[in-house]
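Visitor: Need a 3D model of the following:
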Amino acid sequence: MFATRVLRQAAVHAERTPSIRFLGKRTFPASVDPTPKPHPASPTGALPASWASASAHPTFSAYRDHAQQFGPLRKTIKATSGGIGGTAGSELGPVSPPQGVFFDRNDLPPRFHRQPLTAAEIEAIETGGAALYA
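Guide: Numbering: from 1, shown residues only. Sure, this is the predicted structure:
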């Protein structure tokens, strides 16, 4: 029953050596060349055509501006319109689900509704199951 406690106490008293051995102190390169290069295992040994010219995406932020974004990062959310929450919900259109789609389980037919808990189940939950054996 106390196997974990016994193992922990044994580990404290035992001489523990890590199985990973590091060669030395970490060193960081003084300079890193950020120019894109093809992967060494690339079958063509060349970059894709979209990366052929440096003017396509000279920086990561330029790439990010052209990347497909979802959510608050989209360029369609303009600061001039007040940003997120700058438009009233009624102006965004109706929020009704399409045919055959339901937002909540209670919108489905009654056979799919959640079953109410019985008094015995509530007692078992509240006591952690101890009431079942008392």
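Visitor: When you work out contacts or count neighbours from here on, use the C-alpha atoms and nothing else.
Guide: Will do.
Visitor: ends of stretch 112-120, how far apart?
Guide: Terminal residues of stretch 112-120 are spaced 22 Å apart (Cα to Cα, to the nearest Å).
Visitor: brain fart, stretch 118-133
Guide: Stretch 118-133: ends 17 Å apart by Cα to Cα.
Visitor: quick one: buried residues of that stretch?
Guide: Neighbour counts over stretch 118-133 (16 or more other Cα atoms under 10 Å) mark no residue as buried.
Visitor: Let me see the mean pLDDT of that stretch.
Guide: In this model, stretch 118-133 carries a mean pLDDT of 84.
Visitor: repeat for stretch 4-21
Guide: 77.
Visitor: Also stretch 42-58?
Guide: If you average the pLDDT values across stretch 42-58, you get 72.
Visitor: Packing partners of whichever helix in the chain runs longest?
Guide: Secondary structure assigned by DSSP state H gives helix 3-13 as the longest helix of the chain. Helix 3-13 is packed against no helix or strand, with contacts defined by 3 or more Cα pairs under 8 Å, 6 or more residues apart in numbering; DSSP states H and E.
Visitor: Show me what it is in contact with.
Guide: By Cα atoms under 8 Å, 6 or more residues apart in numbering, no residue outside helix 3-13 reaches it.
Visitor: Just after it, pick out the following helix or strand.
Guide: Per DSSP states H and E, the first helix or strand lying C-terminal to helix 3-13 is helix 60-66.
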